[in-house]
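Trainee: Need coordinates for the below:
(2 chains)
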Amino acid sequence: EPEVTQTPSHQVTQMGQEVILRCVPISNHLYFYWYRQILGQKVEFLVSFYNNEISEKSEIFDDQFSVERPDGSNFTLKIRSTKLEDSAMYFCAVGTSGYEQYFGPGTRLTVT
Amino acid sequence: QKEVEQNSGPLSVPEGAIASLNCTYSDRGSQSFFWYRQYSGKSPELIMFIYSNGDKEDGRFTAQLNKASQYVSLLIRDSQPSDSATYLCAVQRVDSSYKLIFGSGTRLLVRP
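Mentor: Numbering: from 1, shown residues only, chains lettered A, B, ... in the order given. Okay, the predicted model is just below:
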């Protein structure tokens, strides 16, 4: 049984549009992360979230990105104005401690 | 200097053989080490983690860590065609965010 689900599985959007990617943990996780993987490249850290606040963000995570966990369940990543270079697989990862992280199935974002 | 380095492969081994996957890292502050398996088009799946120098065995998998040499390895015994995937090494500093820094991965092919 997966630790976490993600919706949608695939999102196609036009450049400049806003997208919201959702992560739904199944167990009682405390640590939340977003990573992305551009096709053929390595998995890159975007942001970590603990105790309802960002604990660290990478230089990729600029003002166009935001995260929140509004209802104590869903963990969302919002990209305000998408660019072509935002096309990638976006993975949510969760953990009950700060150590092991379990990845969701991912959302493939295609920006046209 | 890359933070986490892996040979991209492919590493080709016959079914039943031992596959040896290697990873080096540059940050001496790294304290936790993870091996993920990623099938094409899928998300990373955690298969092993190791925190202390030495060997850690789990079924057909053995992780080896040498912090002095900044070297982590994964041995897969009795390799099966279903083990064919990309193996990602990830390292983690135990600080406020616990973010994972990934290598580019080694592609493993197990020939029937």
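Trainee: which residues of chain A fall in strands?
Mentor: Listed in chain order, the strands of chain A (DSSP state E) span A:4-7, A:10-13, A:19-25, A:31-37, A:43-50, A:53-57, A:65-68, A:75-79, A:88-95, A:102-103, A:107-111.
Trainee: Please produce a markdown table containing these, extended by mean neighbour count, mean pLDDT and distance to chain B.
Mentor: For every residue, glycine as well, the C-beta is placed using N, CA and C. Putting the strands of chain A into a markdown table (neighbours: other CB atoms under 10 Å in any protein chain shown; pLDDT from 0 to 100; distance: least, CB to the nearest CB, whole Å) gives the following:
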| stretch | mean neighbour count | mean pLDDT | distance to chain B |
| --- | --- | --- | --- |
| strand A:4-7 | 18 | 94 | 9 |
| strand A:10-13 | 14 | 98 | 11 |
| strand A:19-25 | 20 | 94 | 12 |
| strand A:31-37 | 24 | 96 | 7 |
| strand A:43-50 | 21 | 96 | 4 |
| strand A:53-57 | 15 | 94 | 3 |
| strand A:65-68 | 17 | 96 | 13 |
| strand A:75-79 | 20 | 97 | 15 |
| strand A:88-95 | 23 | 96 | 5 |
| strand A:102-103 | 22 | 95 | 4 |
| strand A:107-111 | 18 | 98 | 9 |
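Trainee: For B:G54, find the nearest of those strands.
Mentor: strand A:88-95 (23.9 Å; CB to CB).
Trainee: What lies in contact with that closest one?
Mentor: Strand A:88-95 is contacted from outside by A:3-4, A:6, A:21, A:23, A:25, A:27, A:29-39, A:43, A:46, A:75, A:77, A:101-104, A:106-109, B:43-44, B:98, B:100, using CB atoms under 8 Å, 6 or more residues apart in numbering or on different chains.
Trainee: Next: stretch B:57-74.
Mentor: Residues outside stretch B:57-74 that contact it (CB under 8 Å, 6+ apart): B:20-26, B:28, B:30, B:33, B:35, B:47-56, B:75-78, B:87, B:89, B:91.
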